[in-house]
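Enquirer: below is the sequence, then the predicted model.
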Amino acid sequence: MTAIRYLSLFSGIGGLEHSTIPPLIFCERDSACQGVLQQRHPEVNVCPDVNQLLAPPKAEIVVGGWPCQDLSSAGTLGGINAARSGLFFEMLRIAKASGAHTLIGENVPNLLTINRGQDFQLVLDALLANEYKFISWRVLNARAFGLPQERRRLFVVASTERECAAALHSALPQPTTNRSSLLASGFYWTGGKRSICFSSGYVPALKIGATDNRGRAPVAIMLGDKVRKLTSLEFLALQGFRDFPTDGLSSSTILRMAGNAVPVPMGHFALTSVVSRAPMTGMRTAFGITGSSGMLEDGMPWVVDHKQPSLATNLIDFVDTTSNDSLSAQAAAGLIVRSVRSGHPMPRELFQILWRLAEDRSGKLKASRGNSFEALDQLAVEVESYRRNLPTITEYHDDADDEELVPELEDEGSDD
């Protein structure tokens, strides 16, 4: 394969890269991420700010997962013209200045629908105005790439060459055999007010909420009769990062960097497919409609349908089954209180584990905005009614969209 010249913007710790070819440069403002990039690719320079990249090197492709804070349904909803997410236009400027024939962008699926689709139309209009007349978009799920994490992300490929844009709609990699989904499950231990997004065999989307200097992950896992939080190394593994340089990095820093990253096999698929001009396998169907997977050609949008992929349920393969860590009694009590008050159910099996943990009040009560144990005692009648109506894991269904939830330390008993 002829070496491809590409630039990586908003690089984070990597992920949106070619499977074997490094970029000409990385561009990343976070100093911790810069250090990781320099360790992973010592031969590649790291630019600290896209705004300073006034004369980028010549390249065929520019890639970047630009900031989503103003587009995410859990964010500011400021839109594509707001300060952070508006950096898309800087990425477009750099693509034109480098002479790139193709731009590959990654962001949250909410870009498609925010402001009734007007913001996505602004993106399309800007790309067309800069002569990228072939544009494809597709929402991909990390679970379709063998990672048991419900992480849905929107990829946009804009190109002067039809084959490059169409390659985003090529066939996904063949999935590996999954193990039983009942062996391990994931949920937001910081949730409860709306949903905990309990997920059998996988975890809800990894995010950076509820992390601090103590390295608290917002996602917990249930393994048999144990419940504990994900570790920073498990966070990395669920994003597809192996042999990651963690020396000198706190758990909090690792969680933040991993939570912001593009899942490695998903990013590899997007860029490698475009470079190889992989044949389009999706079928163009509805004309003139903007769906979650589509293509703009000759100025008109098409919906592109794909066969539903197999989704990973092998969380058990990504976690340390020998760990004896546990969610604290206070955190367990707080989660029960929030769930009872909201009325959102959890599987009966999880409730039983949390209740058993909450009964042990021998430990020191840590600082919180409320005493979760007192609240639990005050809700005794409501708790019993809640418990009686809980479904089993096999009966449980949570249709909450975890992209809309912000897992954070909300109220009593969340601190752990």
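Expert: Good, I have the coordinates. Numbers count the residues shown, from 1 in each chain.

Enquirer: quick check on the residue lying closest to Ile104 once chain neighbours are set aside: phi, psi?
Expert: Excluding its sequence neighbours, the residue lying closest to Ile104 (CB to CB, 6 or more residues apart in numbering) is Val63, at 4.4 Å. Where C-beta positions appear, they are placed from N, C-alpha and C, glycine not excepted. In terms of degrees, to the nearest 10, the main-chain angles of Val63 are phi -120, psi 150.

Enquirer: dump the residue contacts of Val63.
Expert: Val63 is in contact with 6-9, 16-17, 23, 103-106, 270-271, counting by CB atoms under 8 Å, 6 or more residues apart in numbering.

Enquirer: mind redoing it with 6 Å?
Expert: Counting by CB atoms under 6 Å, 6 or more residues apart in numbering, Val63 makes contact with 8, 16, 104, 271.

Enquirer: which of these has the most neighbours?
Expert: Ser8 (32 neighbours; other CB atoms under 10 Å).

Enquirer: remind me which helix or strand that residue belongs to.
Expert: Using DSSP states H and E, Ser8 falls within strand 6-9.

Enquirer: partner strands of that strand, parallel or antiparallel?
Expert: Here strand 6-9 is paired, per DSSP bridges, with strand 25-27 (parallel), strand 61-64 (parallel).

Enquirer: just those: most buried one?
Expert: Most buried of these, by mean neighbour count (mean count of other CB atoms under 10 Å): strand 61-64, with a mean of 27.

Enquirer: mean confidence for that strand?
Expert: What strand 61-64 shows for mean pLDDT is 98.

Enquirer: that older thread, can you flag which of the contacts of Val63 belong to helices?
Expert: Members of these lying in helices (criterion: DSSP state H): Leu271.

Enquirer: tell me the one of the contacts of Val63 nearest Leu296?
Expert: For the contacts of Val63, the minimum distance to Leu296 (CB to CB) is 15.1 Å, reached by Ile104.

Enquirer: hang on, the closest one packs against Val157?
Expert: Yes: using CB atoms under 6 Å, Ile104 is in contact with Val157, at 5.3 Å.

Enquirer: partners of the helix-or-strand element of the chain with minimal mean pLDDT, with directions?
Expert: Least confident element among the helices and strands of the chain, by mean pLDDT, DSSP states H and E: strand 283-287 (a mean of 87). Its sheet considered, strand 283-287 pairs with strand 300-305 (antiparallel) by DSSP bridges.

Enquirer: quick one, what contacts Pro309?
Expert: 144, 172.

Enquirer: end-to-end on stretch 235-254?
Expert: Stretch 235-254 has its terminal residues 8 Å apart, counting by CA to CA, to the nearest Å.

Enquirer: show me what counts as buried in that stretch.
Expert: Of all the residues in stretch 235-254, those buried under the rule 16 or more other CB atoms under 10 Å are 235-241, 244, 246, 249-254.
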